[in-house]
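S.K.: make a model of this:
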Amino acid sequence: MKYKDLTEYYQKIEAASKRLDKTYILAQLLKKAPNSELETIVLLMQGKIFPQYDERKIGVATKMAVKAIMVATGLDETQIEKEWKNRGDLGETAEELCKNKKQQTFFSQPLTIRKVFENLKKLAELEGPGSSDMKIKLLAELLGNASSIEAKYIIRTVLEDLRVGVKEGVLKDAIVWAYYPPVAPIFVKCNNCGKVMPHIDKCLECSANIDLKEEIKISGKILKASSLEDVEKVKNLQEYSFIVAKDEKAGREIYNWLNEKVEQAIELTNDYGVVASRCKAGSLDYLMKIGLVPGTPLKAMLFPKAKDMKDAMKQAGKPAAIEHKYDGFRIQVHRNGNDIKLFTRKLEDVTIQFPDVVEVVKTHVKSHDFILDGEIVSIDPKTNMKLSFQHISQRIKRKHNIAEMIKKLPVELYVFDVMELDGENYLKKSFKERRNSLELIIKPVKYQIYLAEQIVTDDIDEANKFYQQALREGHEGVMVKRLDAPYKPGSRIGHAFKVKPVMESLDLIIIGATWGEGKRGEWLSSFDLACRSGNVFLEIGKVGTGIKEKSEEGLSFIELTKLLKPLIREDQGKHIMVEPQIIIEVNFEEIQKSSTYSSGFALRFPRVIRMRPDKPVEDVSSIKQVERLFRDQRS
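M.R.: So this is what the prediction gives:
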């Protein structure tokens, strides 16, 4: 498939303002994509070369991209940077400047998806002396033969900022739309052009009006379903061109069921390309045979906060397991033979940063095949007392002088769940069964590895006593867990609950910042915060307190400035707008109604607690959470 064909879809999706439109366009691409290139196309549509859990990076910064544009166009750096400043987007800059390239192309054939993908993968593999020059040469080779629109998206891809609006929810829905029969009346068929689309009154393809009361002309094999049970009996749904439900309620149930099946597969693999390939290749049974593979991380199960111990035990049921909640770093431990890997909640590989944990796992876990869920906690090497999360965060990004950091900040591993063991999927087993299995394979060793401290009780007084003990020992609080609950990757559905003594904090994302004045003139010193509403970020206030002037004292203005400068996407003088990537945990005195910010709320006296490099963007606190906290503070 030609790369030009893919860029046409990029353009269409980028131009579409509505999620339904984006999903429809992407589904058409997935239907047409050749089997051999489907996984590649899915990655490129996300602006990626590697799945989320793969630690490899393309490794091209804007400065290197500018040099590649220089080589491809024959223009000097000043001309390129002037155009870049005017447009604010290096991809659009490449598009404009490549319209009249001065240099000859390096090869004559049109760019293919395979050629672009292979060149971009090579960028990630180049290391050592001379690698920068080789990267510039490879990138310039692509730009030299690219059309202007191809150049735009090549640059955006290497900078990992595609900007077309293909979020995870859009991609998941597009996979369902592309590979499973549409469900009427949730979907309709345009009697003018014959295209199938969601239940809307105007065709997304030909813009013809759709009379939803008119009988839809459907050809091909039709599955008539009075309920979900009729669909569940079918071995291969792809044999049907349409599922016709008896009413909208039944149709919605069937469509949601299909959506959930695809979502389950995504949660197990975190690889949309693999899931799309499976969906296209076979039945739902074939999709559901996707197994857990040590070395491929899955999304961690998430836990809502309860009001207090009574509320937690009411929701979890009695008896319940009560466990210490550690102020550490959530980690997923994978072992496949001698290969041990550690992944964060964001699915980032941090094995290199924690060789001490790898050695502990290798020595003290009695199995060579498992996926474990746990927490890494840092300890003071002098007192052996547990330290707060902000200390261990120093080790997460560190890739040099690891031995020195291990001495400075030793850690302990607390294991509290198991998802796979000795080739067996444990997700559907009860928490009680999973805990019993952990007790058979974990050999606790002081200051190295432990099982999460736990009691099982139906007595609220005993539970509260355990909770107070956890607080005295310096833990955040406790987890209250349902004994019969399965493990649900990526879900926050009430199988376990956090109980903490302080008012619930918010995990907010930085979307802008303001340069300081006086002695803080070289730092960003005030930060615009936003919560999440679906894929949109809504501003909720600004914060400048809780941040230190010296790095050794905690999260500093210097550190935040260094992290945010490469993310600047709009310079407004003293104020900048940044790509939403940096998440910080924030405390506050009160939430107030406000017309100043797009969320409709403002934080009174916000204060930064810590940075959350362990959290993915989709875990930013939602507007619904803000609304709940606003209501709770008045109840």
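S.K.: ok, I25 touching A16?
M.R.: Yes - the criterion here is CB atoms under 8 Å, and I25 meets it with A16 at 6.2 Å. All C-beta atoms are positioned from the backbone trio N, CA, C, and that covers glycine.
S.K.: pass me the low-pLDDT residue ranges in this protein, would you?
M.R.: 101-108, 212-216, 390, 502-503, 551-553, 633-635 (pLDDT under 70).
S.K.: could you pull out the strands for the stretch 501-635 of the chain?
M.R.: Secondary structure of the stretch 501-635 of the chain, counting by DSSP state E, counting those that start in this stretch: strands at 506-515, 524-533, 536-543, 568-572, 575-578, 583-587, 590-593, 601-604, 607-611.
S.K.: now the angle from the fourth one to strand 506-515?
M.R.: Between the axis of strand 568-572 and that of strand 506-515 there is an angle of 50 degrees, by axes from the mean of the first three to the mean of the last three CA atoms, to 10 degrees.
S.K.: strand 568-572: partners in the sheet, and parallel or antiparallel?
M.R.: Using DSSP bridges, the strands paired with strand 568-572 are strand 575-578 (antiparallel).
S.K.: same question for the first one.
M.R.: Strand pairing for strand 506-515, using DSSP bridges, gives strand 524-533 (antiparallel), strand 575-578 (antiparallel), strand 583-587 (antiparallel).
S.K.: quick one: residues contacting D528.
M.R.: Going by CB atoms under 8 Å, 6 or more residues apart in numbering, D528 touches 510-513, 539, 541-542.
S.K.: and for the closest residue to D201 other than its chain neighbours, the neighbour number?
M.R.: Excluding the flanking residues, the one nearest D201 by CB to CB, 6 or more residues apart in numbering is I210, at 5.5 Å. By other CB atoms under 10 Å, the residues close to I210 number 18.
S.K.: please look at I210 and F187 and confirm they touch.
M.R.: No - in this structure I210 lies outside contact range of F187 using CB under 8 Å: 11.2 Å.
S.K.: just put the contacts of D528 in JSON lines and tack on neighbour count and distance to C98.
M.R.: Listed next are the contacts of D528 as JSON lines, based on neighbours: other CB atoms under 10 Å; distance: CB to CB, whole Å:
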{"residue": "I510", "neighbour count": "24", "distance to C98": "33"}
{"residue": "I511", "neighbour count": "21", "distance to C98": "31"}
{"residue": "G512", "neighbour count": "22", "distance to C98": "31"}
{"residue": "A513", "neighbour count": "26", "distance to C98": "32"}
{"residue": "E539", "neighbour count": "19", "distance to C98": "36"}
{"residue": "G541", "neighbour count": "25", "distance to C98": "42"}
{"residue": "K542", "neighbour count": "16", "distance to C98": "40"}
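S.K.: by contact count, what packs against the longest helix anywhere in the chain?
M.R.: Ranked by residue count and defined by DSSP state H, the top helix of the chain is helix 248-269. For helix 248-269, the packing partners by 3 or more CB pairs under 8 Å, 6 or more residues apart in numbering; DSSP states H and E come out as helix 168-179, strand 183-184, helix 228-232, strand 242-245, helix 272-281, helix 284-288.
S.K.: which among the ones you listed is found nearest to T383?
M.R.: helix 168-179 (43.2 Å; CB to CB).
S.K.: which secondary structure elements does that closest one contact?
M.R.: helix 19-32, helix 248-269, helix 272-281.
S.K.: in a markdown table: the ones you listed, plus mean neighbour count and distance to I402.
M.R.: Output for these, formatted as a markdown table (neighbours: other CB atoms under 10 Å; distance: least, CB to CB, whole Å):
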| stretch | mean neighbour count | distance to I402 |
| --- | --- | --- |
| helix 19-32 | 20 | 41 |
| helix 248-269 | 18 | 30 |
| helix 272-281 | 21 | 32 |
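S.K.: which of the ones you listed sits closest to L347?
M.R.: Proximity to L347 (CB to CB) singles out helix 248-269 among the helices and strands packed on helix 168-179, at 10.8 Å.
S.K.: so the closest one versus helix 272-281, what angle?
M.R.: Using the same axes, to 10 degrees: helix 248-269 against helix 272-281 is 130 degrees.
S.K.: what's helix 248-269 in contact with?
M.R.: By CB under 8 Å, 6+ apart, the surrounding residues in contact with helix 248-269 are 168, 172-173, 175-176, 180, 183-186, 225-228, 231-232, 243, 245, 272, 275, 278-279, 284, 287-288, 290-292, 296, 298-299, 489-490.
S.K.: just the element for L143, please.
M.R.: Taking DSSP states H and E as the criterion, L143 maps to helix 131-145.
S.K.: can I get the CA coordinates of that helix in PDB?
M.R.: Provided in PDB are the C-alpha atoms of helix 131-145 (Å, rounded to 0.1, in the frame of the first residue of the first chain):
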ATOM      1  CA  SER A 131      24.300   7.700  14.700                       C
ATOM      2  CA  SER A 132      22.900  11.300  14.500                       C
ATOM      3  CA  ASP A 133      24.300  11.800  11.000                       C
ATOM      4  CA  MET A 134      22.800   8.400  10.000                       C
ATOM      5  CA  LYS A 135      19.400   9.300  11.400                       C
ATOM      6  CA  ILE A 136      19.400  12.600   9.500                       C
ATOM      7  CA  LYS A 137      20.400  10.800   6.300                       C
ATOM      8  CA  LEU A 138      17.600   8.200   6.700                       C
ATOM      9  CA  LEU A 139      15.000  10.900   7.500                       C
ATOM     10  CA  ALA A 140      16.200  13.100   4.700                       C
ATOM     11  CA  GLU A 141      15.900  10.200   2.300                       C
ATOM     12  CA  LEU A 142      12.200   9.900   3.000                       C
ATOM     13  CA  LEU A 143      11.600  13.600   2.900                       C
ATOM     14  CA  GLY A 144      13.500  13.900  -0.400                       C
ATOM     15  CA  ASN A 145      11.100  11.500  -2.200                       C
END
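S.K.: buried stuff in it?
M.R.: Judged by neighbour count (16 or more other CB atoms under 10 Å), helix 131-145 contains these buried residues: 132, 135-136, 138-145.
S.K.: check stretch 470-478 too.
M.R.: 470, 475-478.
S.K.: returning to that earlier point: and the helix holding L143, how far out from the chain's middle?
M.R.: 30 Å (CA atoms, centre = their mean, to the nearest Å).
S.K.: the nearest residue to L529 once chain neighbours are set aside: what's it in contact with?
M.R.: Leaving aside its chain neighbours, L529 sits nearest to L508 (4.2 Å; criterion: CB to CB, 6+ apart). For L508, the contact set (CB under 8 Å, 6+ apart) comprises 529-531, 540, 583-586, 620-621.
S.K.: ok, and the most crowded of the residues you listed?
M.R.: When neighbours are counted by other CB under 10 Å, I540 leads the contacts of L508 with 29 neighbours.
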